[in-house]
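1. Quick one, fold the following:
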Amino acid sequence: MSKLIPETGYKATFNKISAAILLIDIDAPLYTILDVNDAYLIATNSTREALVGKSVFGAFPANPSDEEAENIRMTIFSFEEAIRTKMPHTMSDYRYDIPIRGTDEFEERYWTTSNTPVLDENENVSYLIHSPANVTELIKLREKEIASVEALKNHRQQLYSTFMQAPVGIAIFRGPEFVVDLINPTLCEIYGRTVEEMLAKPIFDVLVHIRGQGFDQLLEQVRLTGSPFKGQGYPASLLRDGKLETVYFDFVYEPYREIDGTISGVIAVATEVTEQVTAKQLVEEAEERARLAVDAVGLGTYDLNLETGEMITTKIFANIFGFDAPVPRADYVSVFHPDDIKLRNMAHAEAVVSGQLFYESRVIWPDKSVHWARVEGKVYYDAASKPMRILGTLLDITAQKQAKEEQQKLMALVADSEQLLRNITTAAPTGLWMSDEQGDITYVNQTWIDWTGLCYEENLANGWLNSIIPEDRKRAGEKFLEDLANKNLYEVEFRINHIDGTKHWCVATGRPQYRNNGTFSGYIGSCVDITEQKNLQQQKDDFIGIASHELKTPVTSIKAYTQVLERMLLKKGETKEAGMISRMDGQLNRLTSLIGDLLDVTKINSGKLQFNDRDFEFNDLVKELVEDLQRTTEKHKLIEKFFPTGVVFGDKERIGQVITNLITNAIKYSPHADKIIIHTGVKNNEVSLCIEDFGIGIEEDKLNKVFEQFYRVSGDMQHTFPGLGLGLYISSEIIKREGGRIWVTSKHGEGSTFCFALPLKTKTKALRSDYIG
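-> Numbers count the residues shown, from 1 in each chain. Here you go, the predicted structure:
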């Protein structure tokens, strides 16, 4: 016998509920339908008369899909569980099609259904609330996503196959070291290496001979600026089959961008054009030979009749003597330098006997300038061996004579310059040094000797390290060996035992040198005494630290008084005066923040910035901070684009300080924008965060300065955005001391993206107490 459900009380509400609901008796195995609301009738295309009073399994026709028996079993199980446990039970994502009214067809539907028991006054189950939710669209969407992922995998595989079979060389170089992330066989063949030899290694560690030929600078330029570079017919020295060859390339370097727009590497597309370039060079050489032949034909020529004294000359011959057109022989003779007339006459006399004429002489042009000419000729005789004529050429050799004179002067100057260079290096206020390819010091100047008190020989090889105090010696030496191994620019700060009995700070730099064949030959470097700068920096840090501590206590007291005064004024109803005190309190908050930044800077510079590292969920921290900062701005919407990140081992408060600073800056420097996007994600075992704003942006030549102490926007914008310029410097130092990295990309007038990355779940803290900023 079915239970009767009262018509009053719940009926009106029951039928207005948007969720589909059946009330079902617990009279197993029938499970009679006691009531149904309008939402259920609409969802299942049913009528009240066809359902109420019927068994739930008899009221619905058999499911046209082949899952009907399984659905009935699941439904009975769910009813029994709800009755047994007196708790709701849910069936998820099962298929049960519904009839299409007026047809014999069914519409495919998927459902997630809850069966909730209703208890009577004795805590016994009276009936069940059966509420199905239509999840068809979700199921279909999930199927589409699976199909899309599979299609994407196939597409990626096709792209990879195309990449690997491309007739041109293609590669992707990642990071500042340009590690080979992907490379096809065509480019490996050009490089004379295998794919296995190239993959996962810095390109210039594999192709050692190409380092220093300009390609590293071009790659770095593309990675940092995002501007592509196209080269045609570029030469490169490559070691192929054990032989150093000069090969030529046409290539393009394109920036490789991640999904968030950041540049993580460079895409290289290259084609070897050595044969084309060589062929072009051969053509140019042939053209040059042809030109030289034409020039040779253009020599001044003459024909001298020895019997009559008549001479026929070309225009070029006349030009060499300073005339515009050919003239009589006597005019040519008249312009010879007086000191060379005897030489000329002797050469002609000897030519009649030897048959060959040759001499070099000076001629004086009408403008009184002196020129050199080389005269050559052959004497022709008649049958009786009587000289009859001379045929010959004339060449202007003024430039050759002048070059020889200049060469002689230069050789004299070189000797003088060598001595001058020795004097300069000796007198230079900077220590100068050289090393060979093994890293042994081969030269130091007198300045370094005067600083250290060690003689020249004692500084050679690795003897220079003995001048460095023991606390800095190991670090300076290891840094030199590391940079030597990688052929990197060497730069390090250390203290030396100065000959005056004090310790002096020095900064040493060395630039790698290469021979003409591209092989590494050692270093040339300098060493500058920065003791005075260090002392000034220490005095500044001491002053800032003392001033900050001295300011902190009175500011805290003033803030307490302002808060008390504000409450007193509000209590008296003096709201205007209380508002003024509130604004004063806001300015005190700003002053407190500035004092905190100054204290952090002094702690950083003195190596006393403390860290309390522990495990924490990175995304949870970012979300918490975003929620707090959203309350500080009504104009900007903080948009979260979070991907799973995981656990980070670090100082949660310090890292939170960095995130807060970056988001606050984004709000401050985008006054006319209405959104800021916060990205998180994981790549290469690093968790990253990027803050993207759409504000004033940063000029390209200023990007490398934004993380410096006290750097602020210059020009008219300086007073628009207040602050000391310490926030980004402090953020940078915190991230570095947590073993991470921080960077920025920006376009002036369009916005900036500040990012940092931290290692996932690691307790290794690189660059902490011994870090030199």
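
2. Quick one: list the elements packing against the helix or strand containing residue 189.
-> Using DSSP states H and E, residue 189 sits within helix 185-191. If you count contacts as 3 or more C-beta pairs under 8 Å, 6 or more residues apart in numbering; DSSP states H and E, helix 185-191 packs onto strand 169-174, helix 195-198, strand 263-272. Heads up, the C-betas are built off the backbone N, CA and C, glycines and all.

3. Which is the succeeding secondary structure element to the second one?
-> It stands for helix 195-198. Downstream of helix 195-198 (by DSSP H and E), the next one is helix 203-206.

4. What's the first helix or strand after that next one?
-> Using DSSP H and E, the helix or strand that follows helix 203-206 towards the C-terminus is helix 215-225.

5. Can you name the residues in contact with the helix or strand following that next one?
-> Using DSSP H and E, the helix or strand that follows helix 215-225 in sequence is strand 229-240. Taking contacts as C-beta atoms under 8 Å, 6 or more residues apart in numbering, the residues outside strand 229-240 that touch it are 191-192, 207-210, 213, 215, 218, 221-222, 244-253, 273, 277, 517-518.

6. how far out from the middle of the chain is strand 229-240?
-> Distance of strand 229-240 from the chain centroid (C-alpha atoms, centre = their mean, to the nearest Å) equals 23 Å.

7. Would you map the helices across the stretch 501-650 of the chain?
-> Taking DSSP state H, counting those that start in this stretch to define them, one finds helices in the stretch 501-650 of the chain at 531-571, 575-606, 618-630.

8. and the shortest one, average pLDDT?
-> Mean pLDDT, taken over the full extent of helix 618-630, equals 92.

9. Likewise for stretch 525-539?
-> 79.

10. Give me the buried subset of the contacts of strand 229-240.
-> The neighbour count (16 or more other C-beta atoms under 10 Å) marks 191-192, 207, 209-210, 213, 215, 218, 222, 247-253, 273, 277, 518 as buried among those.

11. quick one: residue 678 is in a strand?
-> Yes. Checked against DSSP: H, G, I helix; E, B strand; the rest coil, residue 678 lies within a strand.

12. what sits against it?
-> Contacts for residue 678 (C-beta under 8 Å, 6+ apart) come out as 622, 626, 638-642, 663, 689-692.

13. And it, how far from residue 263?
-> From residue 678 over to residue 263 the distance is 20 Å, taken as C-beta to C-beta, to the nearest Å.

14. Could you do residue 340 as well?
-> For residue 340, the distance to residue 263 equals 70 Å [C-beta to C-beta].

15. cool, and residue 124?
-> For residue 124, the distance to residue 263 - C-beta to C-beta - is 69 Å.

16. So which of those two has more stuff around it?
-> For the pair residue 124 and residue 263, the greater number of neighbours falls to residue 263 (16 against 11), based on other C-beta atoms under 10 Å.

17. could you measure that one against residue 222, distance?
-> Taking C-beta to C-beta, one finds residue 263 at 8 Å from residue 222.

18. what residues are shared contacts of these two?
-> Residues touching both residue 263 and residue 222 (C-beta under 8 Å, 6+ apart) are residue 255.
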